[in-house]
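Colleague: Sequence first, predicted coordinates after that:
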Amino acid sequence: MSLSYKILLKPEPEGGFTVNVPALPGCITYGSDLEEAKANAREAIELYIESLTEHAIQLPLM
């Protein structure tokens, strides 16, 4: 099963991007450039879902 999540990229004044995944409360990461921010978001989403699964918590509805 493949899931898709919208990410919000916010440019930071000091450089880089903060990434928020609205469908996954508290799933926030950062990247020093756009490519790293997207890669970190992918990893954060995977780890978030893995943690929910390990704790038998249902994924939030999108």
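Modeller: Noted; the coordinates are in hand.
Colleague: what about the strands in the chain?
Modeller: 8-11, 17-20, 28-31 (DSSP state E).
Colleague: The first one pairs with which strands, parallel or anti?
Modeller: Partners of strand 8-11 in the sheet, by DSSP bridges, are strand 17-20 (antiparallel).
Colleague: can you check the last one too?
Modeller: When pairing is defined by DSSP bridges, strand 28-31 lines up against strand 17-20 (antiparallel).
Colleague: what distance separates the partner strand from the centre of its chain?
Modeller: 8 Å (Cα atoms, centre = their mean, to the nearest Å).
Colleague: what do you get for stretch 48-62?
Modeller: Per Cα atoms, centre = their mean, the centroid offset for stretch 48-62 relative to its chain is 13 Å.
Colleague: Deepest-packed of the strands of the chain, please.
Modeller: strand 17-20 (a mean of 19; mean count of other Cβ atoms under 10 Å). Bear in mind the C-beta positions are built from the backbone N, C-alpha and C, glycine included.
Colleague: Just the CA trace of that strand, in PDB.
Modeller: Taking Å, rounded to 0.1, in the frame of the first residue of the first chain, the C-alpha atoms of strand 17-20 are listed here in PDB:
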ATOM      1  CA  PHE A  17      13.100  25.000   5.000                       C
ATOM      2  CA  THR A  18      10.900  23.900   7.800                       C
ATOM      3  CA  VAL A  19       8.600  21.100   6.700                       C
ATOM      4  CA  ASN A  20       5.200  20.400   8.200                       C
END
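Colleague: Give me the mean pLDDT for it.
Modeller: Across strand 17-20, the average pLDDT comes to 98.
Colleague: quick one on the thing from earlier: now render the strands of the chain as a markdown table, adding distance to residue 50.
Modeller: Below are these laid out as a markdown table (distance: least, Cβ to Cβ, whole Å):
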| stretch | distance to residue 50 |
| --- | --- |
| strand 8-11 | 22 |
| strand 17-20 | 18 |
| strand 28-31 | 15 |
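Colleague: who touches residue 10 in this structure?
Modeller: By Cβ atoms under 8 Å, 6 or more residues apart in numbering, the contact set of residue 10 is 17, 18, 19, 20.
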